[in-house]
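Visitor: quick one, structure for this:
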Amino acid sequence: MKKVINTPNAPLPVGPYSQAISFGNIAFVSGQVPINPETNELVRDTIENETTQVLKNIGAILKEMNASFDNVLKVSVFVKDMGQYAQINEVYARFFSGEAPPARELVEVARLPLDVNIEMSVIVGV
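Guide: Numbering: from 1, shown residues only. This next block holds a predicted model:
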């Protein structure tokens with residue numbers, strides 16, 4: 001059965017989508033951008049801070065579904081500048097530090113919503 005997952009501790013959807021949907025033992029978290037849910041403002045100062053905010057948003061959604069970063073099976077990362085790969089990986093490694101990190105792709109794209117520099121979505125085993 002399909003279940004909608006939303007939390008006020010992550011940016012609220014701005015369109016016809018949910019923050020996440022679970023179906024059986026799998027959940028799909030929509031792409032998260034670096035919006036601070038407390039201020040509803042974009043974090044734009046450094047790619048490290050932007051990446052941190054995106055992962056905090058994902059963490060809040062995971063918490064809402066009683067999961068953690070250890071439950072993440074797959075991560076899709078979209079960036080505007082592949083030249084920031086090392087800085088993104090440094091932050092990413094702080095959130096996915098276990099012995100079995102999730103599968104992942106990181107791709108450079110021409111443009112992202114709200115002209116942000118990074119967006120991530122995840123698939124989670126719940």
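
Visitor: right, and residue 31 touches residue 119 too?
Guide: Yes: with contact defined as CB atoms under 8 Å, residue 31 reaches residue 119; the gap is 4.6 Å. (Glycine included, C-beta is placed from N, CA and C.)

Visitor: those two: who's more crowded?
Guide: residue 119 (21 against 18; other CB atoms under 10 Å).

Visitor: touching both of residue 31 and residue 119, which residues are there?
Guide: 78, 113 (CB atoms under 8 Å, 6 or more residues apart in numbering).

Visitor: tell me the contacts of residue 91?
Guide: Residue 91 touches 48, 51-52, 55, counting by CB under 8 Å, 6+ apart.

Visitor: can you redo those residues as CSV with neighbour count?
Guide: What follows is those, written out as CSV (neighbours: other CB atoms under 10 Å):
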residue, neighbour count
48, 13
51, 26
52, 17
55, 23
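
Visitor: wait, which of those is closest to residue 89?
Guide: Sorting the contacts of residue 91 by how near they are to residue 89, with CB to CB, puts residue 51 at the top with 9.1 Å.

Visitor: that closest one in helix, strand or coil?
Guide: Here residue 51 is recorded as helix under DSSP: H, G, I helix; E, B strand; the rest coil.

Visitor: I figured it hits residue 89, correct?
Guide: No: counting by CB under 8 Å, residue 51 sits too far from residue 89 to count as a contact (9.1 Å).

Visitor: could you measure from residue 118 over to residue 13?
Guide: 18 Å (CB to CB, to the nearest Å).

Visitor: of the two, which one has the most company?
Guide: The neighbour count for residue 118 versus residue 13, taken as other CB under 10 Å, is higher for residue 118 (25 against 11).

Visitor: all strands for the chain, in order.
Guide: 2-5, 20-23, 26-32, 35-36, 41-42, 72-79, 103-108, 118-125 (DSSP state E).

Visitor: contacts only, for residue 24.
Guide: By CB under 8 Å, 6+ apart, the neighbours of residue 24 are residue 1.
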